[in-house]
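J.: whatever this is, show me its structure:
(chains A, B, C and D)
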Amino acid sequence: MEYTTEELMVVAAAREIRDSEIVFVGMRLPMLAFCVAKRLHAPNAIGFFECGIVRDEPPEELLYTMGDPANIAGASWCTSTNNLMFLMQQGLIDIGFIGGAEIDQYGNVNTSYLGDYTSPKVKLPGSGGAADIACLSNRLMVIMPHEKRRLVKNVNYITSPGYGTGPGWRQETGLPRGGIKALITNLGILRADKVTKVLIVDTIHPGISKEQIIENTGWDIQFSPDCSETPPPTEEELEVLRSIDPKGFWTKRQTSEVKTPQ
Amino acid sequence: MEYTTEELMVVAAAREIRDSEIVFVGMRLPMLAFCVAKRLHAPNAIGFFECGIVRDEPPEELLYTMGDPANIAGASWCTSTNNLMFLMQQGLIDIGFIGGAEIDQYGNVNTSYLGDYTSPKVKLPGSGGAADIACLSNRLMVIMPHEKRRLVKNVNYITSPGYGTGPGWRQETGLPRGGIKALITNLGILRADKVTKVLIVDTIHPGISKEQIIENTGWDIQFSPDCSETPPPTEEELEVLRSIDPKGFWTKRQTSEVKTPQ
Amino acid sequence: MPSSKIMSLEDAVSRHIQNGDSVVMGACLESMIPFAAAYEIVRQKKKDLTLIAPISDILFDILIGAGRARKIIAAWSGNVSAGLGYNYRRSIEQGIPHRIEVEDHSNFSLGLALLAGSMGVPFLPTRSLLGTDLLKSNPRFHVQSLGEETLVYVPSLNPDVAILGVQRSDIEGNAHFWGNLGLFQEAGMSSRKVILLAEEIVPKEVIASDPNRVMIPGFKVTAVVHCPGFAHPSPVPGYYKRDHDFFTEYHRETKKLEGFKNWLNTWVISINSHNEYLARLGQRFEKLKVKEPLFAAPVNYAYR
Amino acid sequence: MPSSKIMSLEDAVSRHIQNGDSVVMGACLESMIPFAAAYEIVRQKKKDLTLIAPISDILFDILIGAGRARKIIAAWSGNVSAGLGYNYRRSIEQGIPHRIEVEDHSNFSLGLALLAGSMGVPFLPTRSLLGTDLLKSNPRFHVQSLGEETLVYVPSLNPDVAILGVQRSDIEGNAHFWGNLGLFQEAGMSSRKVILLAEEIVPKEVIASDPNRVMIPGFKVTAVVHCPGFAHPSPVPGYYKRDHDFFTEYHRETKKLEGFKNWLNTWVISINSHNEYLARLGQRFEKLKVKEPLFAAPVNYAYR
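T.: Modelled structure (predicted):
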């Protein structure tokens, strides 16, 4: 079956969610990933939406924002943003998803300012709940386009901390847990090296070359010794995904280059 | 009209509530006082019940506890104990009522331990919300039987602070506001001297002598230069009160000595 | 797919309460107090419990008298409509059946302690309790100056178990609660395990039809017990009234130790189950049940 | 006896929002955002406002572009379903129409700041934000060691005014709210004044029939505005859906300053009232209204 890069990214994200986990769901691709996981391998996963919604069933309509009334109807809990953040601060959130404008070799994400924050070149929207998810969840997942200007050696503003300056940094900083578990891009999946905490390539998406990844990464990117190809979406995964987003609003089936499985 | 001492105490307490005030209502006599005030001179008063209830209409039945379902039906807000305490901590509660086992010359109330708290002679029930009301409300009202063993020079355990050791003590202690406004007993009404902060007699109930008050007070009790007689309940006040507690459950009309107005 | 958490009261107490546990026993002050669970704790002879609640009417007095408590963390312990708790006094004043420890709180400070536990922070600041001797008798409070201000830092509590009552729950522990909240939500969110006692078990769709009525998420719930009448003699809004006489009788009958032993035998030990308890109450409980429905205005969650 | 707080949107904005005020503009993130009040603020040329919200979709971008804001205290500002906010960027990057100040927050830290204000304490502690540069760009955060732990102390916020939307209110400001809460309750409790925009005004008895559905007490409410459609283009559960296209169009049309000026003139300045705005929307708004009722399960508050 043919699929788009975005579909591959959603499926890759879905595979990171294990059954019965509590997931801090971001909008767009993570929302779809949560729904795919629920329908396939993680039927008991629970979704937290930071506007104050907890769901154990996917909503009946495609969401444009997490506050759409379709996300409220049939929710298992409607409550305050604070109550959900409290539970995350307790350590009860297994996995959280965020996006970003920039990410660096240690998985630190910037969604606030490009350039000096006192007189920035570009003002980005800001943290939302991303800083909280990066600080307090057990495993942080980041989803971003793979471009040299986005995957930079060091971000100049940390909105959402990964491993900071390397091993031991989170503990020294006082963060209670967590750290970046994977960066899913349109070219591959990167994970932190166990020793150095620098992001290295774990799998490369079908049809993508190592050179493309090197060219599009802003630091001297390394490849895991076990580096392999990202398994393409299965027919089942695609079917479920397309039943959730039939028009491909978030997965760009209308506009994006369509891939044929290798 | 005849009335009991308890009826006089309720009416005296009701008179302390001004219109549109927010009242932290205790159980028993203060509950009745709030209802009397609402029906007569303070129709817009609002009652806070620490179990998490706010009312702007009295309940339709006599309450035995503030958590009786009759107190929930028709409430204007059912919420958490914390939310009500938060608003009090902000300074929004005008007047709060408590009872006590012991009170001293500075209006400090003990409802915790008689004797050394490490091996007390008598274990009392404890603070409940009384300590919070005494610390955080704008005006504290205490209602107690007038006995020498209860009105003592110094309590040996402060559950609910009045003026501590005298002028300036609340400020030095860090308390943001408040202090005892009146102590209503079965013999009279005591208020803090403006300068010394010691409780002195403001009014004496009808039929009670100064000597009775002196005999039943554990410190060298003084009388205000303006000391007068507590105005007896009016017919209207008694009618309203008896419509709320028709059997005199809380005002002991069955058991208590009945007074004839002087 | 959803796995049921339904179990009997006996199993819930037996499996999920260990000797030495800290247990929130009701958190709504005078209503919805889980007496049925307290009685079962007595029957199963659980011991060395640390009991936590702002005010739980005579429930603490019963458990103290029955020798089940090592310690209480509370703002108030007695008999709300009738007066003092005699077992509490006997324990502290005379060491009968043994002397329990007391961690003194006010309603607010206990609320903050459970909220801090819910939030996952070590303390919360307050302006309450300044100048009180609770700061001496409970050395866990910490007074801190901050610029020109003085605050009390209230340390967090994360109880081992919360036993909480609700009107209705589904089999997974998604539940509806209404009435005054007390510290219900803070107790549920801060505790490691939650045992729900429910007047009714309803389909999941009933709960999901009104997610704003849910106070704690189903995934925090460990066990769901279908236990109509669980709160007697305390009330459940929409279900039954408070049995005022029961509290008055308890007060009268437990003044002497012998009297309490008789009371405990009559109402707890000689009874094998909650159903037998209800049977013993008989018409007395029937009379407490509400007869005049009073429905909330409809709420529409329409989204299309 | 109850005194009515009902007033027109024009009066509520005119009387209760002063130049220089700090104003919470919606607290539920993507839903129930009080756009009608924002438009009226633009028409009345209120200025030097400090805008507070975790996320209020394009509402901040509109007010920034219209020159009404001096400062924003927020976690996120942009266009949730369509991307960046161009006026926000123009203000910070180019000083157009003037450069606003930004007090950086995360959703959680803003939630804690408003909660601290609600609680009446100067700060609340958190483990979030450690290691982030929000601690640098917002110097009001304070990092504190406590034994072996490190905490961030988030300073309290007490806004001058909260403008909040609800489904229904009585004339005194007792109101029912349902759906995701966001920071609704914290915003209402912490603010000195509260302006409620309500889809419906209902008799007091309707609200009193379900006191658990009330989020902030009526006495905290300063003004009640009957303003059906107040949240358009954001949604109100049970009333109308989100107008996704409106956000997409805004994004497309406001990329250039001229485009924003046209947009503002079309949708705000050339319109005299909220009713005219609804009339301009016409069938577009009708189509957003929900058509399939979805009622919550009944709840019985019976007490006798």
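J.: not counting its neighbours along the chain, what's nearest residue C:259?
T.: Once flanking residues are discounted, residue C:259 sits nearest to residue C:253: 4.7 Å by C-beta to C-beta, 6 or more residues apart in numbering or on different chains. In this view, the C-beta of every residue, glycine as well, is placed from N, C-alpha and C.
J.: I figured the one you found hits residue C:265, correct?
T.: No. The criterion here is C-beta atoms under 8 Å, and residue C:253 misses it with residue C:265 at 11.3 Å.
J.: over to residue C:23. Which of the three states is it?
T.: Each residue gets one of three states, and residue C:23 gets strand by DSSP: H, G, I helix; E, B strand; the rest coil.
J.: for the closest residue to it other than its chain neighbours, grab the count of nearby residues.
T.: In space, and not counting its chain neighbours, residue C:23 is closest to residue C:161: 4.8 Å by C-beta to C-beta, 6+ apart. For residue C:161, the count of nearby residues is 25 (other C-beta atoms under 10 Å in any protein chain shown).
J.: tally of neighbours for the residue of the stretch 51-200 of chain C found nearest chain A?
T.: For the stretch 51-200 of chain C and chain A, the shortest gap (C-beta to the nearest C-beta) falls at residue C:120, measuring 3.6 Å. Summarising burial for residue C:120: neighbours were counted as other C-beta under 10 Å, giving 23.
J.: tell me the pLDDT of residue 79.
T.: With no chain named, the answer covers chain A. Residue A:79 is assigned a predicted lDDT (pLDDT) of 98.
J.: the chain in question should be chain C.
T.: Reading off the model, residue C:79 has pLDDT 95.
J.: next: residue A:29.
T.: pLDDT, the model's per-residue confidence, is 88 for residue A:29.
J.: who's in contact with the residue nearest to residue C:23?
T.: If you count contacts by C-beta atoms under 8 Å, 6 or more residues apart in numbering or on different chains, residue C:161 has them with C:16-17, C:21-24, C:191-195, C:222.
J.: sort out which one of these lies nearest residue B:56 for me.
T.: Closest approach to residue B:56 among the contacts of residue C:161 (C-beta to C-beta): residue C:24, at 31.3 Å.
J.: wait, that closest one sits on residue C:187?
T.: Yes. In this structure residue C:24 lies within contact range of residue C:187 using C-beta under 8 Å: 4.4 Å.
J.: what's the overlap in contacts for the two?
T.: Shared contacts of residue C:24 and residue C:187, defined by C-beta under 8 Å, 6+ apart, comprise C:52, C:114, C:159, C:162, C:164.
J.: now a ChimeraX select for only the buried ones of those.
T.: Per 16 or more other C-beta atoms under 10 Å in any protein chain shown, the buried members of the shared contacts of residue C:24 and residue C:187 correspond to this ChimeraX selection:
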select /C:52,114,159,162,164
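J.: filter the shared contacts of residue C:24 and residue C:187 down to the ones in strands?
T.: The strands, defined by DSSP state E, take in C:52, C:162, C:164 from the shared contacts of residue C:24 and residue C:187.
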